[in-house]
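1. Predicted model and sequence follow; I will ask about them next.
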Amino acid sequence: MTQTLQLKINGSDLRLDLDDPRATLLDVLRERLGLTGTKKGCDRGQCGACTVLIDGRRVNACLALALSHDGAQITTIEGLARGEDLHPVQAAFIADDGFQCGFCTPGQIMSAVALIAEAEAGLDPERIREGMSGNLCRCAAYAGITEAVLDATRALALEEERAA
Amino acid sequence: MSAGKPLPHDAAPLHVTGEARYIDDLPTPRGTLHLAFGLSPAAHAEILSLDLAAVREAPGVVAVFGPDAFDPMPDCSPSVHDEPLLAQGVVHYLGQPMFLVVAESHLAARKAARLGRMELRERPAILTVDEALAAESRFEDGPVVWQKGDAAAAIAGAAQQIEGSIELGGQEHFYLEGQVALALPQEGGDMVVQSSTQHPTEIQHKVAHALHLPMSAVRVEVRRMGGGFGGKESQGNALAIACALAARATGRPCKMRYDRDDDMTITGKRHDLRIDYRAGFDAEGRLAGVEFRHLMRCGWSQDLSLPVADRAMLHADNAYHLPAVRIESHRLRTNTQSATAFRGFGGPQGMVGVERVMDHVAHQLGRDPLEVRRVNFYAARVDRPGGCLPPSPATGRAFFAGNPPPEDFRTLITPEDIFRQKMGGEDAEALRVLDAEEVDLTSRGAETFQHGEAPPAPEGVQTTPYHMPVEDFIGHELVGALAESADYARRRAEIAAWNAGNPILKRGIALTPVKFGISFTLTWLNQAGALVHLYQDGSVHLNHGGTEMGQGLFQKVAQVAAGVFGLEAEAEAVKITATDTGKVPNTSATAASSGSDLNGMAARIACETLRDRLAAMLAERHQAQAAEVRFAGGRVTVAGAEYSFAEVVGLAYQARISLSSTGYYRTPKIVWDRKKGEGRPFFYFAYGAAVSEVVIDTLTGENRLLRVDVLHDTGRSLNPALDIGQIEGGFVQGAGWLTTEELVWDGKGRLRTHAPSTYKIPACSDRPPVFNVALWGRDNPEDTVGRSKAVGEPPFMLGISVLMALSDAVAACGDGSVYPGLDGPATAERVLAAVGRQRG
């Protein structure tokens, strides 16, 4: 039975017909919508490569049933940049060499955006490392990833200050 | 030159925006089909029947291929044609592909692949090295033995002896991007293959062979991999071959991607092994003789196991001069996944053996393991005309730990005739001309012995167990500098005092060195090509035979190329393009850390050819000498005139100068006779050292890495930012291998750790809170590109310091009478058991 699903993805409203109610959000993003920036690493919620934001919270898209998020706002790596300008987390990952092969990078960045928003880790490297430990990086660019989250946290705080 | 600048990865902006495309991200043509293998449920069994009717009837299935579908059965092996695409008659491991499903979707193919009904008669499965030894199940007729001097006599005659054994686990590559291939059928039966591979030429060869086409009819392209680590040197063959066969049969594009569980179940991993050792030494721990026995578990097919096992033997000395040594290597055949290349290619396994000996000797003598290591170091490098460069006083101080005067212990060796054994006793000479159609000459598995005379070691220079002179040893200075910067001695004393007051938590510290040989041991693989075009607008198009898997090879080579043209300031000046067998042929795998050494040099040569043509053209125009033409800062100057680079290229075009050039490089000096186990297999050695400090909980065995200090030799780094990334990443991956990454097979031969839920690679939180990495930035004494050194694999072995630090912490639980004997990976369970042995 075909089911209809509405999602706001990276700011655009989308209406989708799903033949299979068991389709994961990850497969919908990659295979239906061509948003291949979100990666399939393990397909069982353990590597973090498929991390996206659902209503601002970080979620493994491979374990999220698309239908159960009807009406949700989804942000993927493709929707993070602000026009031509990189999001501060994206810029920090380049500046701090927060990757090698790049395959886990979209998931790392989405996870970092949410971690900073959660405001639990602040500028404590130990808590940042814990907070990012759901996103595996086999190249082990963890030093750069931690630095990038620290730098981006500072940059975003500065932005907020200026806005206030 | 722009070489030397810490530029980010070439595709950095694409990676952070999700635009970087991996093969699974490429838009596929309409009608693309998807493939999945049906897998063997048994480790060793005779196939009595295979009923695929239900598979064929499953929704979305377009075609199903069983073992009878192909004649002859295509082969996936990179070495001796012992890997049929689908099992024939007998299955050799649990997870072996038995049939191939082609369906309209990935999911449909996977679901149908579960519906095969097979009747199997199980045979006893050989799962362990002990079972393999007992059954004489091995590759080659017997063990390979290399020796120097009389190790047994030297051990017997020494003041003290030790004897022991260490188990070392394998390692899953866990490249985040799993294996994947996409075959696109072309007109006239040709095939284009997109493959996530470190070895496009091998994919091309294997696909051409399977399709009965010349290699010229198959083109393989790879822009990037999501990690490789050796796991994509030969393990992608099956997917590419399957896709090409299905594409030919259906006339439609075919794509295959292993899901993570399938990937871990089907593909090979690092070789696990047991090392038995005996050593004799004096009161200072100076070794007189050592014996090693390597029991390598190679799995069901030969794959690259012979050169892997060779490299383990080639690193049995690590940084230590072994006056008398015997290394016996058993390459055992088991009913498990076929173990394959993994960063270090056997080197790490061989190296842990001698580091274990150092640790054990120090424990027996009650001495600081670092002092025992130092007294056994090779003699410091010597300065000779045309030889090595003198140490720079600016970096590190020379440290001579009372090494004995260098002596040459060169003796005749009696190696097994491994080539003859491998080839089943046929006349080796007759087989020296390999059949290029059948054998992939560019595979490390194609190994045969080679003739060549290595020059004898100069007088007074120490040699390795394989008789290569060690003339560039910098371990004394490097380790001295690291011990000082990491404050090793003071921290060691502090830890001892802290341990005395803490019964539950115990800390440990260890410093271990690395000396890693750089070059493919199959000498002819040490060659590379590049293709560079200049377009009339001055833009540069660069292609070479290396593949990008995150190591930053493309950026390094682009920096080298930009430097030649004086375009270093223009980041976009050099366009890096996908590796393509249609552009550079007969490439070697991007492996053995050789990527930038080989391809950087080939690209430099191509660019220099073009630059010289431009210079000659301008010189003629200005009545000047070509040598006076300067390329710098994006400008070209000659005889007072100045042009932009683009202007010069435009002039050259109008002057009808060829603006395209190939470059070709082959590594000099290397000679290796595998038959004799003798020669100079390596152009040079890369060095490094690490100090690791750990803490263990003696009630649970849990442990943490507290601090790591690394000093690593990259020569004159081509790109310090990328090199530091390689060093940190290599260290963490090496530490993971020896601590948390445990592969478990059950009694039926089923891999129980086939997903990240059970197989634990290091996470961000496992990275030590203090992690100091410094580069030993002295020039490579050998003439490499920019005087740099290879950096891909050597840092992996810095992780050995973590195992030795854990051993130190465990030893602190006892009174010094029992050696910890910690196996790898030193999981919490193993640490706890070792603590238990200390406390009786």
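-> Cool, the structure landed.

2. So the helix or strand containing A:Glu159, near chain B or not?
-> Taking DSSP states H and E as the criterion, A:Glu159 maps to helix A:142-163. Yes. Judged by CB under 8 Å from any CB of the partner chain, helix A:142-163 comes into contact with chain B at A:142-146. In short, each C-beta sits where N, CA and C put it, glycine included.

3. Which strands and helices lie in contact with that helix?
-> helix A:88-95, helix A:105-118, helix A:125-131, helix B:720-739 (3 or more CB pairs under 8 Å, 6 or more residues apart in numbering or on different chains; DSSP states H and E).

4. could you dump those helices to CSV with mean neighbour count and mean pLDDT?
-> CSV is the format used below for these (neighbours: other CB atoms under 10 Å in any protein chain shown; pLDDT from 0 to 100):
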stretch, mean neighbour count, mean pLDDT
helix A:88-95, 23, 98
helix A:105-118, 26, 98
helix A:125-131, 18, 97
helix B:720-739, 26, 97
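
5. count of residues packed around residue 145?
-> This is for chain A. 29 (other CB atoms under 10 Å in any protein chain shown).

6. that's the wrong chain, I meant chain B
-> 17.

7. Give me the distance between the nearest residue to it once chain neighbours are set aside and B:Asn318.
-> Spatial nearest neighbour of B:Val145, excluding adjacent residues (CB to CB, 6 or more residues apart in numbering or on different chains): B:Glu328 at 5.0 Å. Per CB to CB, to the nearest Å, B:Glu328 is found 18 Å from B:Asn318.

8. B:Ala3 is in what secondary structure piece?
-> Using DSSP H and E, B:Ala3 sits in no helix or strand.

9. In contact with the closest residue to chain B within chain A, which residues?
-> Across chain A, the shortest distance to chain B (CB to the nearest CB) belongs to A:Gly37, at 2.0 Å. Applying CB atoms under 8 Å, 6 or more residues apart in numbering or on different chains, we find A:Gly37 in contact with A:76-78, A:106, B:17-19.

10. do B:Asn376 as well
-> Counting by CB under 8 Å, 6+ apart, B:Asn376 touches B:285-287, B:320-321, B:358.

11. Identify the residue nearest B:Val470 in space, chain neighbours excluded?
-> Per CB to CB, 6+ apart, closest to B:Val470 is B:Tyr378, 4.6 Å.

12. Enumerate the positions of the helix or strand where B:Ala279 lies that are buried.
-> Using DSSP H and E, B:Ala279 sits within strand B:272-281. Buried residues in strand B:272-281, defined by neighbour count with 16 or more other CB atoms under 10 Å in any protein chain shown: B:272-275, B:277-281.

13. In terms of residue numbering, what are the domains of the chain?
-> Since no chain was named, I'll use chain A. Domains of chain A are assigned by automatic domain parsing as A:3-79, A:88-163.

14. nope, chain B
-> B:30-122+B:172-264, B:127-170+B:270-374, B:472-518+B:677-837, B:526-665 (the TED database).

15. How about stretch A:99-119 and chain B, any contact?
-> Yes. Stretch A:99-119 reaches chain B (CB under 8 Å from any CB) through A:99-106, A:109.

16. who does B:Leu775 bridge with?
-> Per DSSP bridges, the residues bridged to B:Leu775 are B:His712.

17. residue contacts, the residue nearest to the spatial centre of chain B?
-> Nearest to the mean C-alpha position of chain B, by CA atoms, centre = their mean, lies B:Arg343 at 3.0 Å. By CB under 8 Å, 6+ apart, the contact set of B:Arg343 is B:229-230, B:730, B:733, B:792-793, B:796.

18. Spatially, which two of these are the most separated?
-> The largest separation in these, counting by CB to CB, is between B:Gly230 and B:Gly730 at 12.4 Å.

19. and after the top helix by length along chain B, which helix or strand comes next?
-> Criterion DSSP state H: the longest helix present in chain B is helix B:595-621. Sequence-wise, the next helix or strand downstream of helix B:595-621 (DSSP H and E) is strand B:630-632.

20. Strand partners (parallel or antiparallel) of the next helix or strand after that next one?
-> Using DSSP H and E, the helix or strand that follows strand B:630-632 in sequence is strand B:635-638. Note on strand B:635-638: by DSSP bridges, its sheet partners are strand B:630-632 (antiparallel), strand B:641-644 (antiparallel).

21. Could you pull up the mean pLDDT of the longest one?
-> Same thing as strand B:641-644. If you average the pLDDT over strand B:641-644, you get 97.

22. what does the shortest one give?
-> Per-residue pLDDT over strand B:630-632 has a mean of 97.

23. Would you check how far apart B:Phe645 and chain A are?
-> Going from B:Phe645 to chain A by CB to the nearest CB, to the nearest Å gives 27 Å.

24. Now do the same contact list for that residue.
-> Taking CB under 8 Å, 6+ apart as the test, what B:Phe645 contacts is B:538, B:565-567, B:573, B:631, B:634-636.

25. cool, B:Glu221 as well?
-> B:192-195, B:200, B:578-582.

26. what's the residue sitting nearest the centre point of chain A in contact with, if anything?
-> Note on chain A: the residue nearest the mean C-alpha position is A:Met110, at 2.3 Å, using CA atoms, centre = their mean. For A:Met110, the contact set (CB under 8 Å, 6+ apart) comprises A:51-53, A:58, A:75-77, A:80.

27. Those: which ones sit near chain B?
-> Within the contacts of A:Met110, those near chain B by CB under 8 Å from any CB are A:76-77, A:80.

28. Can you tell me the closest non-neighbouring residue to B:Thr32?
-> B:Pro253 (4.3 Å).

29. and if you look at B:Ala483?
-> Nearest to B:Ala483 is B:Leu511, by CB to CB, 6+ apart, at 6.3 Å.

30. returning to what we had before: quick check on B:Glu328 and B:Asn318: which one has the bigger neighbour count.
-> B:Asn318 (27 against 18).

31. Contacting chain A as well, which ones from the contacts of B:Arg343?
-> Answer for the contacts of B:Arg343 near chain A (CB under 8 Å from any CB): B:229, B:730, B:733.

32. so, if you compare those residues, which one comes nearest to B:Ile696?
-> Nearest to B:Ile696 among the ones next to chain A among the contacts of B:Arg343 is B:Gln733, at 21.4 Å by CB to CB.

33. ok now do the closest one, which residues does it touch?
-> B:Gln733 neighbours (CB under 8 Å, 6+ apart): A:138, A:140, B:229, B:343, B:761-762, B:796, B:799.
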